[in-house]
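> requesting a structural model of the entry that follows:
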Amino acid sequence: MILNTSASLVALRESPFLKFKITPSQNMSSFPITPNNRITRLPKRGEYDRDAIYAILDEALVCTLAFVRDGQPVQIPTGFCRLGDKLYVHGSVGSGYMRAMAEGMNVCVSVTHIDGLVLARSAFHHSMNYRSAVVFGTTARVTDEQEWYQVLEAFTEKVQPGRWVDVRQPDAGEWKATMVLSITIDDASAKVRTGPPKDDEEDYSLDTWAGVVPLKVQRLTPIPDELLKAGVTLPDYLK
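Residues are numbered from 1 along each chain as shown. Next up, the predicted model:
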């Protein structure tokens, strides 16, 4: 399913309410191709341009964070945001995996948007239209107070632009209970498929429907909390 947040992200970048900006990378070039990020299967679908990769990352609300802990492979689905050339995740200071990564750890982060189901004339050539990105980096605990504040604001605004200034800010206890980790984007690549099915030439004469079933996730009409205080109306940023 595609996370349909492109318009929201444009609004986020241009919002007059924000103290931070989601900016393009400082280095506008492509990522160098390394053994980590090289696309070996269907390399023509590979993408190494930083801005193209960052666009795929920025559109995703959830990533998969993978690492090895005590010799055991682990992967965690989690929310994230990007500021410049770093990804950020946050969680409880009581989380075992957060404490482990706070010491510095090599990790792999991935996101995928499924834009459509590609139905071919043969079972073998069925596929999906997708945009995926994989990042390799190193974790570190964020201790700078200003960076910490900007990251948590970015998280909130990524979920819903305009929300940060409309809610109660975290109190001292909530700040103390929260850990924020940065992930340097050392290596990254993307892989993208678009377009119709590609069948074997002899199969195009089959009496079988072929094409693409588009998929998307979209924001629907908000549902108010049953305990919402009387007189509180839907804010403009949710309309």
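> wait, is residue 155 part of a helix?
Yes: assessed with DSSP: H, G, I helix; E, B strand; the rest coil, residue 155 lies in a helix.
> any idea how far residue 217 is from the most centrally placed residue in the chain?
Per Cα atoms, centre = their mean, the C-alpha nearest to the average position across the chain is that of residue 60, at 3.0 Å. Using Cβ to Cβ, to the nearest Å, one gets 11 Å for the distance from residue 60 to residue 217. Using the backbone N, CA and C atoms, a C-beta is placed for each residue, glycine as well.
> next one: residue 80
Taking Cβ to Cβ, one finds residue 80 at 17 Å from residue 217.
> for these two, indicate the residue with more neighbours.
Ranked by neighbour count (other Cβ atoms under 10 Å), residue 80 and residue 217 place residue 80 first, with 24 against 13.
> pretty sure the more buried one contacts residue 89?
Yes: Residue 80 lies in contact with residue 89 (Cβ atoms under 8 Å); the separation is 5.1 Å.
> residues shared between the contacts of these two?
Taking Cβ atoms under 8 Å, 6 or more residues apart in numbering as the criterion, residue 80 and residue 89 both touch 63, 65.
> in a strand, residue 230, correct?
No: in this structure, residue 230 is coil, not part of a strand, as judged by three-state DSSP.
> for residue 38, list the residues it contacts.
46, 189.
> mind checking how far it is from residue 50?
16 Å.
> cool, residue 210 as well?
For residue 210 relative to residue 50 (Cβ to Cβ), the value is 36 Å.
> and if you look at residue 230?
49 Å.
> ok, these two, which is more surrounded?
residue 50 (19 against 4).
> beta partners of the residue nearest to the residue nearest to the centre of the chain when sequence neighbours are not counted?
Distances taken as Cβ to Cβ, 6 or more residues apart in numbering put residue 111 closest to residue 60, at 3.9 Å, once the chain neighbours are dropped. With DSSP bridges as the criterion, residue 111 is bridged to residue 133.
> contacts only, for residue 111.
So residue 111 contacts 56-57, 60, 62-64, 132-133 (Cβ under 8 Å, 6+ apart).
> cool, and residue 211?
Per Cβ under 8 Å, 6+ apart, neighbours of residue 211: 119, 196-197.
> who's sitting farthest from the centroid in the protein?
In the chain, by Cα atoms, centre = their mean, residue 205 is the one farthest from centre (40.8 Å).
> show the pLDDT at that one.
Per-residue confidence (pLDDT) for residue 205: 97.
> now the one 10 residues further on
Per-residue confidence at residue 215 stands at 97 (pLDDT).
> same question for residue 2.
Reported pLDDT for residue 2: 35.
> what of the one 4 residues further on?
The score at residue 6 is 37. That number is its pLDDT.
> phi, psi for residue 199 please.
According to degrees, to the nearest 10, the main-chain angles of residue 199 amount to phi -100, psi 170.
> tell me if I'm right that it and residue 123 touch.
No: using Cβ under 8 Å, residue 199 is not in contact with residue 123, being 11.0 Å away.
> which of the two has more neighbours?
Ranked by neighbour count (other Cβ under 10 Å), residue 199 and residue 123 place residue 199 first, with 17 against 6.
> which residues touch the more buried one?
Here residue 199 is in contact with 120-122, 125, 210 (criterion: Cβ under 8 Å, 6+ apart).
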